[in-house]
Structure formats: structure tokens, C-alpha cells
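Peer 1: turn this into a model:
(one chain, ligands or ions: 1)
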Amino acid sequence: MGVRAEVNNHITERHFLKQSFYDLNHTDLEMVLHQNDLNHSAAAILFNWHYKKKEKAQCYEKMAKGSLAFFQNNFDFSLPEIDTVHESEDRTVKFLFRLQDNHRIETVLIPFHNKYSICLSSQVGCAMNCSFCSTGTQGLTRNLATSEIVGQFLQAWRWLAKNRPGEERILNIVFMGQGEPLHNFDAVKKACEIFLSKHGTSIGVQKITVSTAGYIPGLKRWSQETPGVNLALSLHSPFEEKRNELMPINIKYPLDEVLTCIDQIPLHKKQFITYEYILIKDFNDSPDDAQELGTILAGKSAYINLIPFNAFPGSHYQRPNMEKIEKFKEVLDTFKIPTLIRSAKGDDVLAACGQLNSKN
Ligand code: SAH
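Peer 2: Reported below is the predicted structural model:
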């Protein structure tokens, strides 16, 4: 044990001396090249190599020897290590990653027709402390760096290429894993820029969704700094007292202020805000709850995701039965708000929403 810890500390120190390549967006990379009198065309080659998974040899050929040596000497190319992989019966995959300082985070690949959505973590733990969420019980340890966010995607992609060849297509990215993405704004923003870059993974802007508990300082920056990326709000109750109980952040940033802030975000014609609503038995699942939810969202470019509560070890809430869930949706239908009942994927391996807890 002692030797292992020593080795790990050594690795950690060594890596922390170098800048991670995966912390840089394409513009940063061009700037680094420029500042070091190297040809800026290497930026596109490096992005292609690392994010489009082009052959290393091909890229070596295209790049000037000096630029290649510069990057090899000055940058760290390591990624979060896969610690454990759980494959669910429905083909959902949950990864437990080990970071360089030995903290752990989880990432989930959710299948749809041989393609995947990826659910990324943005923090180690979470400061929001929502009463229905397993991650909330962990508290916040630290923010993730951009490289650790981008690294989850790249490692999951590599795992698919190796273990499910032909299926390595990750078309949607949702920031619904551990953490509050708007509480780690800069790193999440930069990760989005890398995902969107046409030189890199080239993910469509409408294919990325950031989910927030309603952290207003982040929301205020959102519309200015990340135009086009989708936003989801974890709403969970239209009533102040109940929302305070579920999400302590509501005491500091109340729902009406959050909604006002969201209303100011300019949306494209076909764009809408997703409102997530966990259905908890005998707590927020009555027709009155649905009626009030419909009332506050009516007339907005809204889409509602109803998420039947997913249990986790130690949770005291329960999931309502299907009849109750459908009744809730029927009330929302009268407001003509598109509403989807989300089926839980991966709950046999605790990979569903709210079940991520890298301390278990
Ligand atoms: N902090 C962000 C993102 C993480 S949670 C946020 O609050 O939106 C991602 C989604 O999972 C949120 O809608 C969250 O409310 C939901 N969720 C958390 N715990 C859950 C549980 N036990 N069952 C079902 N959904 C849950």
C-alpha cells in the first residue's frame, strides 16, 4: 500500500507540472503556437488527431518536427483512468474514473439505436445538496478541469471503439452527471467549445445540454457566453416550500428569479428550455402540483421531462406508480406543453439520474 501511494504521488506531481493538452480549445492552441513561433496550422492537425481519432502516424507526418517535439515536451496528454465499468442489461454503460489526485467521478453512456448519449460529470461531488440526489450526499470536493470533462468523453469513446466496435458514435452530450455545471462555469464552457469545434469532435450545438439546479450567477453568464447550447432546469416543484426542501439552493436563488433569468435567454425558433421534474410519491405528484407546474410554464418555449424518482441506497423517497405518473402528464397536456415521461436506463447498475455516487 505504502509503495503504491508513493508511486501515485510521484505521478501526480509530475503531471501537474505540465499543462494538459485537453485544457485548451482550438484558439488557445493557436495562441500557444503563435507565442512559441511555431506554425499555427499544427493546431488543426493536433485537434484532428486527438478529437477526430485520426491515426497518430498520419498526423506525425503532417506536423513539423519542431512543433511535435514542443508538444511532446511541454504538454501532458494523460486522460482520467477507467477504474471500473458496469454494463447494464439495457446496454447502458457506467464508468468510474480515477483522476490524477485519486478522486473518482462517474460517467454514463446511454444507448439509443446503436448510438449513444453521454452523461458527463462536471465536479467531484456537488455543493447543491439536493435531498433526492445521491451525489448531493457526497458534498463538493472540487471542480473538474476541462481536460477531465473532455477526458470522460474521449475515454468512453475509446472504450466503445474497443468493446463495441462500429458503435463508437456519441451524438449527444448532457451535463447531468455529478456536479452543478454552472457552478464550474469556465471549465464547462471551455469543454463545450472543444466539443463544438469543427476541427475536433464537431458535436452540433443543439446536441449539448447543460442541466442546472438554478445557479443564478452561472445562468446570467450562460446566454452571453454559450449561445445555442441547450439548457435544462431541474425544477421539481413549483411551490416554494417544497422546492426549498428538495433543493436548498432555492432558498438563495428562488424559482421565480431563476425563471425570470431563463426567460431572458434568446432562443432559436426551434429551441426550447427543458424543465426536469422528478416525480416523488406523495410529495410532488398530485394533480395540484401538475396544475401549478403547468401554470408557471404555460406560454414558454418549454419541454417537460418527467423523471420518476430513482432510488439509491439510503434514500427515503419513493417512486409513484405508473397510473399516477400518467395522470400528472394528462394535467400538463391540458396546457399544451410537450411532456415526456423518461424511462430509467441503467438503474440495475445505479447509473440512472441521481444514482451517481462515486463514494459508494
Ligand atoms: N446539478 C445539475 C445536474 C445534475 S442532476 C442539476 O441539478 O440539474 C441531473 C438530473 O438528474 C437533474 O434533473 C436531477 O434533478 C436528476 N436527479 C437527481 N437525483 C435523481 C433521482 N434520485 N431520481 C431521478 N432523477 C434525479
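Peer 1: surely T295 meets P238?
Peer 2: Yes: using C-beta atoms under 8 Å, T295 is in contact with P238, at 7.5 Å. To be clear about C-beta, it is placed using only N, CA and C from the backbone, and glycine gets the same treatment.
Peer 1: who has more neighbours, these two?
Peer 2: P238 (23 against 11; other C-beta atoms under 10 Å).
Peer 1: so which residues of the stretch 101-250 of the chain form strands?
Peer 2: 104-112, 115-119, 123-125, 140-143, 170-175, 208-212, 230-234 (DSSP state E, counting those that start in this stretch).
Peer 1: so can I have CSV of those showing distance to the ligand?
Peer 2: What follows is the strands of the stretch 101-250 of the chain, written out as CSV (distance: least, C-beta to the nearest ligand atom, whole Å):
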stretch, distance to the ligand
strand 104-112, 11
strand 115-119, 8
strand 123-125, 9
strand 140-143, 11
strand 170-175, 6
strand 208-212, 4
strand 230-234, 4
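Peer 1: distance to Y317 added to these, as CSV?
Peer 2: Output for the strands of the stretch 101-250 of the chain, formatted as CSV (distance: least, C-beta to C-beta, whole Å):
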stretch, distance to Y317
strand 104-112, 21
strand 115-119, 21
strand 123-125, 20
strand 140-143, 22
strand 170-175, 23
strand 208-212, 19
strand 230-234, 15
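Peer 1: mark out where each domain of the protein begins and ends.
Peer 2: As recorded under automatic domain parsing, the domains making up the chain are 16-76, 81-349.
Peer 1: give me whichever of these is most buried.
Peer 2: Ranked by mean neighbour count, those are led by domain 81-349 with a mean of 19 (mean count of other C-beta atoms under 10 Å).
Peer 1: what mean pLDDT does that domain have?
Peer 2: Domain 81-349 carries an average pLDDT of 94.
Peer 1: chain center to that domain: distance?
Peer 2: 7 Å (C-alpha atoms, centre = their mean, to the nearest Å).
Peer 1: in space, what's closest to P338 - neighbours in sequence excluded?
Peer 2: Y303 (5.1 Å; C-beta to C-beta, 6 or more residues apart in numbering).
Peer 1: run me through the strand neighbours of the host helix or strand of the one you found, direction for each.
Peer 2: Using DSSP states H and E, Y303 sits in strand 302-308. The pairing partners recorded for strand 302-308 under DSSP bridges are strand 273-279 (parallel), strand 339-341 (parallel).
Peer 1: which one of those lies closest to Y317?
Peer 2: strand 273-279 (8.5 Å; C-beta to C-beta).
Peer 1: what's the helix or strand just after the closest one packed up against?
Peer 2: Once the chain leaves strand 273-279, the next helix or strand it forms, by DSSP H and E, is helix 287-297. The criterion is 3 or more C-beta pairs under 8 Å, 6 or more residues apart in numbering; DSSP states H and E, and the helices and strands that helix 287-297 contacts are helix 322-333.
Peer 1: do the helix it packs on and the ligand come into contact?
Peer 2: No: contact of helix 322-333 with the ligand (C-beta under 6 Å from any ligand atom) is absent, the minimum separation being 12.5 Å.
Peer 1: if we can go back for a sec, state the distance from the residue nearest to P338 to K242.
Peer 2: From Y303 across to K242, the span is 22 Å (C-beta to C-beta, to the nearest Å).
Peer 1: next one: C192
Peer 2: Taking C-beta to C-beta, one finds C192 at 32 Å from K242.
Peer 1: what residues does the stretch 201-350 of the chain put near the ligand?
Peer 2: Checking the stretch 201-350 of the chain against the ligand by C-beta under 6 Å from any ligand atom, the hits are 211-213, 234, 276, 278, 307, 309-310.
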